[in-house]
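Colleague: The following block contains a protein sequence and its predicted model.
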Amino acid sequence: MLISLVGMFTCAFIPQIKAQVNYVLNPSFEQYSKCPHFLDQIQYALHWAPIDSTGNPDSLLTQPLCAPDYCNTCAISGDVSVPLSTTFFQYPRTGNGMVQIRVLLNPAGPIGLPDVRDYLQGTLYKPLTAGKNYCVTFYVNLAEISSYAIDKIGAYIDDGSIDIGQDSAGCANPQTAYTPQIYAPAIINDTMDWVQVQGLFTASGTETFITIGNFFDFSHTDKIAVDYWPDSYEGVTFYLIDDVSVVETGTSPNAGPDAYVSPGSDSATIGSSEEGLPLTWFVYGSLVPIGHTGSLKVHPDTTTTYVLSMDLCDGVTFDTVTVWVAPTKVGNVQMSQCENVKIWPNPVHNELTVINGANSDLKILNLLGQQLYEASVNSNKDVLNVGQLIPGVYVVQITAPDGNKKCMQLVKE
């Protein structure tokens, strides 16, 4: 299995021709105007709201009945705290924030209430393009307090018309007049791992919103009874939501440029700032995921290659990035900055200027100690052409006239 996956990684290491773009604003619920302190406060998460857009999260009397719960590690209330709340124990898939929505309530159950629902609406940063195909992805996890696990949790993408005419009572009803373009075809009963819901969607060109919830009535929602916690809410189902994305098909992951660190230095940041995407990081040659964020901090002890995979509707693609760690010595020479001799610029592209190195011998070695370049420094400001070196991390060894050797790290772009 390891061999086949490594082979798949190797075949997929091709130049990326399209930058990744997530159309969903604040897709991982990390940006907020205020830390949540009670249920139904989804509007504290920037660019998110219930479909009843007139609700006020600061007032218990005017919050719409369809308002999802914004949950964050910053919360002090047990109702919306992370990872342990009154309804679940779960960490966000990425970051610190996530959302809880009510997707089902048995109207014949002991609570005696109608089947009221939450609907989570997010904003796209620009309208989709007519005729283009987009992959819609979000991740769900069943809250342990639920008494059912269901299928059908889905996403409806439109121009915002679903919000027109809704009030607190109307938005709480099952929104059966709308057919989600993407929904889970099977029952999701996982309370431990995040489960991907994904589907392909062809845009009409007017879409600017995405709404997540259960759009099917009670009888048309497949369900199984669960009892994870002994004090489960009888007849009610909640799911957690994280990492929502709308991405044009054909988009590739972006692991970012190679990074360079010295032994014992601070972590390097790899990847890009794009968040909320269906991404997974691996160390090259390993099957164990090490993260799902767009950018990732790493602190390798030795030069390490990382693999970033993106799982979209049209397949899984890969990109790689290497974090180079300079050696502490080359041969018997310790790595150290020369007291007087300077090299500039570093990183270098073609021309390397050596300052205060007159009458010295300069060698450039790879990280295995193999010599790739040698030149004599004839003046106190000499310019050498190193354009023939391929991009990477090298060691510059300077030998002074008295035989004293100094080594320093050089990055070639």
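Modeller: Noted; the coordinates are in hand. These figures come from a predicted structure and were not determined experimentally. Numbering: from 1, shown residues only.
Colleague: need the longest strand for this structure.
Modeller: When the chain is parsed with DSSP state E, its longest strand is strand 236-248.
Colleague: Distance from the chain centre to it, please.
Modeller: Mean C-alpha position of strand 236-248 versus that of the full chain (CA atoms, centre = their mean, to the nearest Å) differs by 14 Å.
Colleague: Next secondary structure after it?
Modeller: Next along the chain after strand 236-248, taking DSSP states H and E as the criterion, comes strand 259-261.
Colleague: which parts of the following helix or strand past that next one are buried?
Modeller: Per DSSP H and E, strand 259-261 leads on to strand 268-271 as the next helix or strand towards the C-terminus. Neighbour counts using 16 or more other CB atoms under 10 Å place 268, 270-271 of strand 268-271 among the buried residues. For every residue, glycine as well, the C-beta is placed using N, CA and C.
Colleague: cool, and stretch 218-232?
Modeller: Neighbour counts using 16+ other CB under 10 Å place 218, 221, 223, 226, 228-229, 232 of stretch 218-232 among the buried residues.
Colleague: Now do that stretch, average pLDDT.
Modeller: If you average the pLDDT over stretch 218-232, you get 86.
Colleague: try stretch 125-135
Modeller: Across stretch 125-135, pLDDT averages out at 97.
Colleague: ok now it, how far from the chain's centre?
Modeller: From the chain centre to the centre of stretch 125-135 is a distance of 21 Å (CA atoms, centre = their mean).
Colleague: if I've got this straight, Asp118 is in a strand?
Modeller: No. Checked against DSSP: H, G, I helix; E, B strand; the rest coil, Asp118 lies outside a strand; its state is coil.
Colleague: Wait, it touches Pro68, no?
Modeller: Yes. The criterion here is CB atoms under 8 Å, and Asp118 meets it with Pro68 at 4.5 Å.
Colleague: coming back round to it: and the longest strand of the chain, which strands flank it?
Modeller: Paired strands of strand 236-248, with direction, are strand 97-105 (antiparallel), strand 133-142 (antiparallel) (DSSP bridges).
Colleague: sorry, back to before: any common contacting residues for Asp118 and Pro68?
Modeller: Contact criterion CB atoms under 8 Å, 6 or more residues apart in numbering; residues shared by Asp118 and Pro68: 50, 101-102.
Colleague: related to what we said a few turns ago, from the buried residues of stretch 218-232, which ones fall inside strands?
Modeller: Under the assignment DSSP E, the buried residues of stretch 218-232 contribute Lys223 to strands.
Colleague: of the buried residues of stretch 218-232, closest to Phe209?
Modeller: Phe209 lies nearest to Thr221 out of the buried residues of stretch 218-232, by CB to CB, at 23.1 Å.
Colleague: that older thread, could you flag which of the shared contacts of Asp118 and Pro68 are buried?
Modeller: Applying 16+ other CB under 10 Å to the shared contacts of Asp118 and Pro68, the neighbour count classes 50, 101-102 as buried.
Colleague: what about Ser59, distance to Gln41?
Modeller: Distance from Ser59 to Gln41, counting by CB to CB, to the nearest Å: 11 Å.
Colleague: quick one, which of these two is more surrounded?
Modeller: Neighbour tally, Ser59 and Gln41, criterion other CB atoms under 10 Å: the higher count belongs to Gln41, 27 against 8.
Colleague: hang on, the earlier thing: which of the shared contacts of Asp118 and Pro68 lies closest to Gln409?
Modeller: Of all these, Ile101 has the smallest distance to Gln409: 51.0 Å, by CB to CB.
Colleague: remind me which residues of this structure are low pLDDT?
Modeller: Across the chain, the ranges flagged by pLDDT under 70 are 1-20, 110-112, 231-233, 264-265, 326-339.
Colleague: cutoff 50 now
Modeller: Residue ranges of the chain with pLDDT under 50: 1-18.
Colleague: the helices in it, which residues?
Modeller: 2-12, 168-172 (DSSP state H).
Colleague: Please name the residues that touch the most centrally placed residue in the chain.
Modeller: With distances taken as CA atoms, centre = their mean, Thr293 lies nearest the centre of the chain, 2.7 Å away. Going by CB under 8 Å, 6+ apart, Thr293 touches 94-95, 271, 275, 279, 281.
Colleague: Most neighbours of all these, which one?
Modeller: Leu279 (26 neighbours).
Colleague: Leaving out sequence neighbours, find the closest residue to Cys66.
Modeller: Residue nearest to Cys66 in three dimensions, not counting chain neighbours: Cys171, with 3.7 Å by CB to CB, 6 or more residues apart in numbering.
Colleague: gap between that neighbour and Thr54?
Modeller: Taking CB to CB, one finds Cys171 at 10 Å from Thr54.
Colleague: Likewise for Gly285?
Modeller: Distance, Gly285 to Thr54, by CB to CB: 54 Å.
Colleague: next one: Ile145
Modeller: Noted for Ile145: a distance of 28 Å to Thr54, by CB to CB.
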